[in-house]
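[1] Fold the following, please.
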Amino acid sequence: MNDDEILSKGIGPGAMAILPEAAAADDEDALALWCAKLAQFGMLEAAALHFNPEAAQGDLIAIKCMVWLSREAGRERDAHLWIERGAAAGDPWSQFEHALALAETDRQEEADEWYRRAAESGHALAMNNLGARLNRAGRGEEAFDWYRRSAEAGSATGMNNFGIQHILQGRAAEAEHWFTRAADAGSTDATANLGRLLYKAERLADAEPRLAAAAEDGHFGAVELLADLLERTGRADQAAAWRARLR
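    Next comes the predicted model:
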């Protein structure tokens, strides 16, 4: 049975349609899910052989499919070689992934260059990471601008960090706005930060649900502050129960 015959059965047709769509949208959850399904049904190698020729010719969608198929097969070196090809071809997602890999191997200057390329191409999380790097380098104004751009591009991490920048500059109302947006987008850190901001403003009724949500997600700082709030409002038993989770 050849590769096309293998992929013509079961989940094969769906996977061959959905993988390119997910790669085009940078939908990492869908890519990981469908690659895992292909592995489960013994179709992973056939799928790789299917996408390899177009990827080798420089097709960015096929390249990103090869990244995820290689990762699912445990071939991280192959995955990164495909990422490098995508990055060199100007794909923002690949540029960001390449920057992450470089940062993990302490090649930080190279990582910064690829973060910048990805950020300038519109990658929201790359904008945040570039802001963080500039901030550590003492280039605060540039960092602030990249955090802003990340937040406005929809990154929950960027929103949270942009909120922190407002806190550092004494702008509590702006910080609350961005923490709220990030929390509503699913950031546990932002939820905890919002709860802390409200707590310090003595808006305890508003702070409690935010701190409780972050605490339920395992944020230690939120657990500690929630316990303090509960104790202050006459619920010592509940406070003790939350503190017990820290032990």
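[2] burial of residue 23, as a residue count?
    Neighbour count of residue 23, defined by other Cβ atoms under 10 Å: 25. Every C-beta, even on glycine, is put in place using the N, C-alpha and C of the backbone.
[3] tell me the SS of it?
    Three-state call for residue 23 (DSSP: H, G, I helix; E, B strand; the rest coil): helix.
[4] swap in residue 54?
    What three-state DSSP gives for residue 54 is helix.
[5] Might one say that residue 94 is in contact with residue 81?
    No - the pair residue 94 and residue 81 does not pass the contact test of Cβ atoms under 8 Å, sitting 11.2 Å apart.
[6] Who has more neighbours out of these two?
    It is residue 94, of residue 94 and residue 81, that has more neighbours when counted by other Cβ under 10 Å, with 25 against 15.
[7] phi, psi of the more buried one?
    phi -60, psi -40 (degrees, to the nearest 10).
[8] Can you tell me, leaving aside adjacent residues, what's nearest to it?
    residue 86 (2.9 Å; Cβ to Cβ, 6 or more residues apart in numbering).
[9] List the contacts of the one helix or strand that neighbour maps to.
    Using DSSP states H and E, residue 86 maps to helix 76-88. If you take Cβ atoms under 8 Å, 6 or more residues apart in numbering as the criterion, helix 76-88 is touched by 55, 58, 60, 63-64, 66-68, 70-71, 93-95, 97-98, 101, 114, 117.
[10] Name only those of these that count as buried.
    55, 60, 63-64, 66-68, 70-71, 93-95, 97-98, 101, 114, 117 (16 or more other Cβ atoms under 10 Å).
[11] Pull the contacting residues for residue 220.
    Residue 220 sits next to residue 246 when contact means Cβ under 8 Å, 6+ apart.
[12] got the contact list for residue 236?
    residue 230.
[13] pLDDT score for it?
    On pLDDT, residue 236 comes in at 97.
[14] And for residue 106?
    89.
[15] That one - how many residues pack around it?
    9.
[16] contacts for stretch 135-147?
    With Cβ under 8 Å, 6+ apart as the test, stretch 135-147 has contacts from 119, 127, 128, 130, 131, 132, 134, 158, 161, 162, 165.
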